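Visitor: Give me coordinates for this.
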Amino acid sequence: MVFGLGVDIIEIDRIRQSIEKFGDRFLDKIFTGKEIEYCKSKADQYQHFAARFAAKEAVSKSLSDLWNENFGWKNIEIINNEKGKPVAVLNGDLSRITSEILDIHISISHSRDYACCVAITQQKPCQA
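Guide: Numbers count the residues shown, from 1 in each chain. Below you'll find the model as predicted:
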């Protein structure tokens with residue numbers, strides 16, 4: 001059963017401008033070390049930062065019934081699994097609340113100017 005749905009789209013240039021203006025302060029507020037390392041290793045780092053930003057937004061929207069002021073950007077980490085598929089990993093209290101009951105599915109896409117993500121949060125089947 002679907003628990004939540006979230007979608008986000010962002011202009012890649014907006015993320016580029018934030019990184020150029022605020023530098024590490026912006027990156028460290030929004031992204032985990034793994035995310036920063038991954039994005040900086042790419043030819044177009046801004047496209048990858050924007051895609052991960054959109055994914056974090058989409059996941060937070062899909063969790064809106066649980067989201068509160070105790071959670072932040074770093075509670076959602078977007079990494080690639082062994083096949084290269086992006087996955088959302090929840091950290092801290094957010095993980096403790098959701099890990100037993102929810103699965104998160106994401107799909108990220110980007111073009112030259114935009115990055116977007118759709119996130120579906122699904123209740124795990126009851127274990128009998």
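Visitor: and the helix or strand hosting residue 96, which residues are buried?
Guide: Element membership of residue 96 [criterion: DSSP states H and E] is helix 92-98. Applying a neighbour-count criterion of 16 or more other Cβ atoms under 10 Å, one finds 94, 97, 98 buried in helix 92-98. Yep, even glycine has a C-beta here, placed from its N, CA and C like the rest.
Visitor: can you redo those residues as JSON lines with pLDDT and distance to residue 2?
Guide: Compiled in JSON lines, these are given as follows (pLDDT from 0 to 100; distance: Cβ to Cβ, whole Å):
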{"residue": "94", "pLDDT": "82", "distance to residue 2": "19"}
{"residue": "97", "pLDDT": "78", "distance to residue 2": "18"}
{"residue": "98", "pLDDT": "82", "distance to residue 2": "14"}
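Visitor: which strands and helices sit next to the helix ranked longest in the chain?
Guide: Looking only at the chain and at elements set by DSSP state H, the helix with the highest residue count is helix 45-62. The helices and strands touching helix 45-62, judged by 3 or more Cβ pairs under 8 Å, 6 or more residues apart in numbering; DSSP states H and E, are strand 2-11, helix 12-22, helix 24-30, helix 33-40, strand 76-80, strand 86-90, strand 102-110, strand 114-123.
Visitor: can I get those in CSV with distance to residue 48?
Guide: CSV is the format used below for the helices and strands packed on helix 45-62 (distance: least, Cβ to Cβ, whole Å):
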stretch, distance to residue 48
strand 2-11, 12
helix 12-22, 9
helix 24-30, 12
helix 33-40, 4
strand 76-80, 10
strand 86-90, 10
strand 102-110, 8
strand 114-123, 8
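Visitor: Out of these, the one nearest residue 52 is which?
Guide: Of all the helices and strands packed on helix 45-62, it is strand 76-80 that lies closest to residue 52, at 4.5 Å by Cβ to Cβ.
Visitor: what's the average pLDDT for the closest one?
Guide: Confidence for strand 76-80, expressed as mean pLDDT, is 96.
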